[in-house]
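Trainee: Give me the fold of what follows.
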Amino acid sequence: MQTCVTGYRLQVTQKMTRIKRGLAAHKRRKHLLKETKGFTFGRSKKYRAAKQAYLKAGTYAYRDRRARKREFRRLWIIRLNAACREFGLPYNQFIAGLKKAKIELNRKILADLAILHPETFAKIVEMTKKS
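Mentor: Take a look at the predicted model:
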């Protein structure tokens, strides 16, 4: 305990203990280097390079989670177009026929049907041709 006189008042203050921050910093760096395990060269061993690589990897991951959805939709459309043309029907007319026939199957399911169950897909195409 320490006493100090400021003006006319007597204050009693306690000395604060010294805080050493090395442990927290070491833990933080160790965690980041663990996250960047498998990155090439210094990007997995040197803290500064690893931190930049980690942030950039997160940015790419965020962007590509959205891009993946677009890419799969493109793939399904390409597969459906190829499958429909075997029955003499282009993709756009097939989709328009589905809407007229009130068939509510998404492109993913239709593409899977075209590959795994072609006889079922053929029936769907015939239904769309009629409508």
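
Trainee: Apart from its chain neighbours, what residue comes closest to residue 113?
Mentor: residue 121 (4.5 Å; Cβ to Cβ, 6 or more residues apart in numbering). Every residue, glycine included, has its C-beta placed from N, CA and C.

Trainee: For the host helix or strand of that neighbour, what is the distance to the chain centroid?
Mentor: Assigning secondary structure by DSSP states H and E places residue 121 in helix 118-130. Here the centre of helix 118-130 is set off from its chain's centre by 35 Å, with Cα atoms, centre = their mean, to the nearest Å.

Trainee: how about that helix: buried residues?
Mentor: 121, 124-125, 128 (16 or more other Cβ atoms under 10 Å).

Trainee: can you list these in CSV and add pLDDT?
Mentor: Putting these into CSV (pLDDT from 0 to 100) gives the following:
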residue, pLDDT
121, 98
124, 97
125, 97
128, 96
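
Trainee: ranges for the helices of the protein?
Mentor: According to DSSP state H, the chain carries its helices in the segments 22-35, 47-85, 91-100, 107-116, 118-130.
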